[in-house]
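**Q** Could you work out the structure for the sequence below:
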Amino acid sequence: MKKKQKQKFFQAPKGMRDILPEDQPYWDKFLKNAEELARDYGFSKIETPILEDAELFARGTGETSDVVTKQMYSFKTLAGRTLALRPEGTPGVVRAYLENGLSNLPSPLKFFYSGPMFRYEQPQQGRTRQFWQFGLETIGDKEAVLDVQIIQLCLRILKGAGLKKIDVQINSLGCSHCRSGFRRALMDYYRHRKNKICPDCQKRLKENPLRLLDCKEEKCQPVKSQAPSSLEYLCAECKAHFKSVLEFLDELEIPYFLNKNLVRGLDYYTKTIFEFWLEGENSENPLALGGGGRYDNLIQNLGGKSTPAVGASLGADRVVLAMKKEEVKASSGYNPKVFLVQLGDRGKKKSLKLFEALHQADIVAAESFSRDSIKAQLKIADRLGVKFALILGQQEALDGTIIVRDMAAGSQEIVPQEKIVEEMKKRLKR
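**A** Got it, this is the predicted structure:
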């Protein structure tokens, strides 16, 4: 006899995941708070497509960056155009800024956005192939105070999510002029230690030396720890800018750690760069919740005029992971005050109509229309902690009445159905 094949269920692609209802309160708490604070700071919402021209990210993020060479999801359309799922948000915002003539508006312009990003990398806790970012961009001003305002706002967002122990890691990469000296020093240092670094770093040494400091391979850490610092090669202007950033942070009493190995993973950064870590400075494997920095050359590189800009993004997946780790309380926002208990077809029909009438009056009601047992329904009402249960059976449906049960006192009263909404308004105000 032929064995019956077990039915195969579809699964999410590797690195993609579902965000189930039990986790939604954490996401809502983080994203709602982030959006409210961004608006308070004068940022306006912008949304860009999930799909962009792949060349946008190659030119913007860097042709030799890991994001473009290893992690980008790209494909050709039927018309032969190469598109990519966005691996990050900044190039898309800059493209929208240029395409829609936003450069003609008074600067600086401040934008915020949130949405899914995509990177093809090995999935791990807090890092999936589809991940969600909340981003901030300030375009059109070179002043150091704007770098610090972005840092300040990100910290407020993270603290508003219930995370209290956040370390600010900060560095300066300088401008394209002073960075060339640092780049040469870095190449000289690593060239004599080629046999001590991983194959990827040997490739980076030829193509993009700054990425050497972004390597996470254990083998490379001893070499990286003794590498030259970009701060030693800053020109006078970049040094003054970074000094100003640190002075503003001191004035705001925002603690920070100077991290000479911090370079970020994207090629467009200039001058100030920063990250937000959950653990302390000496943590071997810190959870980076987000980061950002200046990108004064990106707009010109993408076809616009030379325009200074600074931005940051926070990883919602990692923030939610940290919130759960820190046992932050997050409510679903569902807080019914009334529970409709029904019995029989007539009671169910009347209850369905009453349910809508209560919601029209801004009275949040709960129900379990699929159940017929009054005892089971009252048990649910008790578990939800509602103040009143409204019982509508066959007899009440015929009489045009409803039984109002005070769940705390256990007392009951009969009220005409046409008066129940107003009666509930009065009782819930007491």
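**Q** what's the least confident helix or strand in the chain by mean pLDDT in contact with?
**A** Least confident helix or strand of the chain, by mean pLDDT, DSSP states H and E, is helix 66 with a mean of 75. Contact with helix 66 is made by 211, 214, 265, as judged by CB atoms under 8 Å, 6 or more residues apart in numbering. From N, CA and C alone the C-beta is placed, and that goes for glycine too.
**Q** What about those residues, which are in strands?
**A** Per DSSP state E, strands hold no members of these.
**Q** So which of those residues wins on neighbours?
**A** Highest neighbour count within those, by other CB atoms under 10 Å: residue 211, with 21 neighbours.
**Q** Return the distance of that one relative to residue 372.
**A** Here residue 211 is placed at a distance of 65 Å from residue 372 (CB to CB, to the nearest Å).
**Q** cool, residue 253 as well?
**A** Taken as CB to CB, the span from residue 253 to residue 372 is 62 Å.
**Q** Counting neighbours, go ahead and name the busier of these two.
**A** Set residue 253 next to residue 372 and count neighbours by other CB under 10 Å: residue 372 wins out with 13 against 6.
**Q** what's around the closest residue to the more buried one other than its chain neighbours, how many residues?
**A** In space, residue 372 comes closest to residue 343 once its chain neighbours are excluded; the distance is 6.4 Å by CB to CB, 6 or more residues apart in numbering. Per other CB under 10 Å, the neighbour tally for residue 343 reads 20.
**Q** my read: residue 343 touches residue 402, true?
**A** No. Using CB atoms under 8 Å, residue 343 is not in contact with residue 402, being 12.0 Å away.
**Q** shared neighbours, those two?
**A** In the contact map built from CB under 8 Å, 6+ apart, the residues linked to both residue 343 and residue 402 are 391, 392.
**Q** Would you map the helices across the stretch 151-300 of the chain?
**A** For the stretch 151-300 of the chain, helices defined by DSSP state H, counting those that start in this stretch occupy the ranges 176-191, 199-207, 221-225, 236-251, 298-301.
**Q** in the second one, what's buried?
**A** For helix 199-207, the buried set under the neighbour-count rule, 16 or more other CB atoms under 10 Å, comprises 201, 204, 205.
**Q** for the last one, same thing?
**A** Neighbour-count burial for helix 298-301, with 16+ other CB under 10 Å as criterion, is recorded at 298, 299, 301.
**Q** what residues are up against the first one?
**A** The neighbourhood of residue 298, defined by CB under 8 Å, 6+ apart, consists of 60, 90, 91, 94, 268, 309.
**Q** mind running it again at 6 Å?
**A** Counting by CB atoms under 6 Å, 6 or more residues apart in numbering, residue 298 touches 94, 268.
**Q** gap between the spatially most central residue of the chain and residue 364?
**A** By CA atoms, centre = their mean, the mean C-alpha position of the chain lies nearest to residue 316, the distance being 2.9 Å. Relative to residue 364, residue 316 is positioned 27 Å away (CB to CB).
**Q** repeat for residue 221
**A** Remark: distance between residue 221 and residue 364 (CB to CB) = 54 Å.
**Q** what are the ranges of the strands in the stretch 1-150 of the chain?
**A** 44-45, 51-53, 74-76, 82-85, 109-118, 130-139 (DSSP state E, counting those that start in this stretch).
**Q** Relative to residue 320, which of those strands is closest?
**A** Comparison of the strands of the stretch 1-150 of the chain against residue 320 by CB to CB identifies strand 130-139 as nearest, at 8.9 Å.
**Q** which other residues reach that closest one?
**A** With CB under 6 Å, 6+ apart as the test, strand 130-139 has contacts from 16, 34, 89, 93, 108-114, 116-118, 146, 150, 309-314, 316-317.
**Q** So how do I select the buried members of these in ChimeraX?
**A** Filtering the contacts of strand 130-139 down to the buried ones (16+ other CB under 10 Å) takes a single ChimeraX command:
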select :34,89,93,108,109,110,111,112,113,114,117,118,146,150,309,310,311,312,313,314,316,317
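**Q** which of the strands of the stretch 1-150 of the chain sits most buried?
**A** Most buried of the strands of the stretch 1-150 of the chain by mean neighbour count (mean count of other CB atoms under 10 Å) is strand 130-139; its value is a mean of 23.
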